[in-house]
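In: Sequence plus predicted model, see below.
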Amino acid sequence: MADPLIDILIFAPLAPILGVILFWFIQLLFLENQKYLLSKIWHNHEALCRFTNFLGLLFQTICQALGYTVTRSGISSFYIGVDYGKVAPKTERKGMAEWLANGFLFIGPFFLPASLLLICLFFLLNSGFGVTQYTNYTFAEGIANFGTTLYTFSESFLSFLYNIDLLNPIHLGFLLLLIFLGMGMRPSYIGETKKEKIDIMYDLKNIKDYLLKKPLYLFIMFLIAYAFFYISYFLNHSWYMVFFSVVGWLSITAIISLLITHAIIILIRTTDEVKGRWKYLPYVSIPSSYILMRVLFFVFPMDFSKNISLLVMILSTVVITILLLKYKTNKFKTKTSMKQLEKKEGDDGKRRRNAKK
C-alpha cells in the first residue's frame, strides 16, 4: 500500500517533466547541427546566414523584453542587430523578479518561435490536441500518457504536412512561416569572426548557471509543480498533464520545423558544388513539378492527387540534384587529372632513374 502512495506523492509528478527535458534536449541537438550546416555555406550565402543570425537574436531580444515586462521592470532601451541584441530595463530588480526575467532570456528563445507555430496549428489541425487522462496517477502511467499525447500530436502534424495543399494560400503561408521561424529558433552567430563561442555547450552552461545560481528559487518552482500535480490529482483533472503536453508539443513543432530547414540547407550546400546556371535547376523544379502535377490531376482527377504531387515534387528535386552532381561537377575531371598527374610523375621518375644508370 505504501509503494503506490510513494509513487503518487514523489515520482509521478516527475514523469512529464523528464519527458519535456528529453525532447527539449533533442531540440538542442537539432539546433546545434543546423548551426553547423549554416557555417558550411557562410562563404557562398553570407546574406542568408546573417539573416538567420538576425532572426535568432530578434527572438532572444523579444524574450528578454517579455521578461522585463512580466516582472514589471520596464524597458528603457531596445537594440537589435545582426550579431548583437540587448534590452535595458528601466528598473533593476533583484530576487525572484530578476530570476524570472533571466529565465525568459535563457529559455524563452527555444520556445517563442514554436509557440507562434503552435497557435497556427491550433486552427489548421482537425485533431491531435487531445490529452490522455490519468487513471492511477503513477510514474509509469505519466510517462505513457505523455508519450501517447505527443505521438498523437506528431501524427496529426505530419499528416497535415503530407496532405498540404501548396496552392492553398493558407497552407503555403504556414509552410513559409514554418521555414522562416525554423531558421531562427535560437541566437547562433556564425560569422567569420566570433566574439565568443556560441554553441550547445554555451547554451547549456548559461542554463545551468541560471538554475544553480538560485537553487532556492528552483526548489520553489518544483514545489509549485508538485502542488499543481496534487491539485489535479484531488480534483481528478488532467490539468498537470495538459500543461506539460503543451510544452512537449512546442518541442515537437520545433523539431519538425528544424528537420525541414535542415533539408533546405542541405539542398543549398549540395547545389553549391554545381557550376554555372545548372545549380538553379533544382529550385526551378520545385514549383514547376508541383504545379505541373496539380494541373495534370485537374484534367484527370484521381484520389491522393495532393500527396502524389508533393511526392513527385520532392523526388524530382532529389533526382535532378543527384544527376547534376554526377554530370555537372568537376569530380570526374578532378579524378582523371589526378590520375594523369600521378602517371606523369611516375614516368618522370622512371626517366630520372634511367638517366642515373
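Out: On my side now, so go ahead.
In: List of residues touching stretch 314-334?
Out: 267, 270-271, 273-276, 278-279, 281-282, 285-286, 289 (Cβ atoms under 8 Å, 6 or more residues apart in numbering). From N, CA and C alone the C-beta is placed, and that goes for glycine too.
In: Now find how far off-centre it is within its chain.
Out: Centre-to-centre, stretch 314-334 and its host chain are 28 Å apart (Cα atoms, centre = their mean, to the nearest Å).
In: Kindly report the same for stretch 209-220.
Out: Stretch 209-220 sits 27 Å away from the centroid of its parent chain (Cα atoms, centre = their mean).
In: Return it as CSV; C-alpha atoms alone will do.
Out: The C-alpha trace of stretch 209-220 is given here as CSV (Å, rounded to 0.1, in the frame of the first residue of the first chain):
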residue,chain,number,x,y,z
ASP,A,209,24.4,28.7,-14.2
TYR,A,210,20.9,30.2,-14.3
LEU,A,211,19.3,27.3,-12.5
LEU,A,212,22.1,26.7,-9.9
LYS,A,213,22.6,30.4,-9.1
LYS,A,214,19.4,30.4,-7.2
PRO,A,215,18.7,26.9,-6.0
LEU,A,216,16.1,28.1,-3.6
TYR,A,217,14.0,29.5,-6.5
LEU,A,218,14.4,26.3,-8.4
PHE,A,219,13.2,24.4,-5.4
ILE,A,220,10.2,26.7,-5.1
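In: if we can go back for a sec, most surrounded residue in the contacts of stretch 314-334?
Out: residue 282 (22 neighbours; other Cβ atoms under 10 Å).
In: Tell me which helix or strand that residue sits in.
Out: Using DSSP states H and E, residue 282 maps to helix 281-299.
In: what packs against that helix?
Out: Where contact means 3 or more Cβ pairs under 8 Å, 6 or more residues apart in numbering; DSSP states H and E, helix 281-299 is packed against helix 239-271, helix 305-327.
In: Would you convert these into CSV that also reports distance to residue 173 and mean pLDDT?
Out: Converted to CSV, these look like this (distance: least, Cβ to Cβ, whole Å; pLDDT from 0 to 100):
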stretch, distance to residue 173, mean pLDDT
helix 239-271, 15, 94
helix 305-327, 17, 92
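In: mind showing which ranges of the protein have poor pLDDT?
Out: Low-confidence segments of the chain (pLDDT under 70): 1-3, 186-203, 330-357.
In: Could I get the full set of helices for it?
Out: With DSSP state H as the criterion, the chain has helices at 2-6, 14-40, 46-70, 96-107, 112-124, 139-162, 169-182, 200-213, 215-234, 239-271, 281-299, 305-327, 331-356.
In: Quick one: closest of the ones you listed to residue 90.
Out: helix 46-70 (8.1 Å; Cβ to Cβ).
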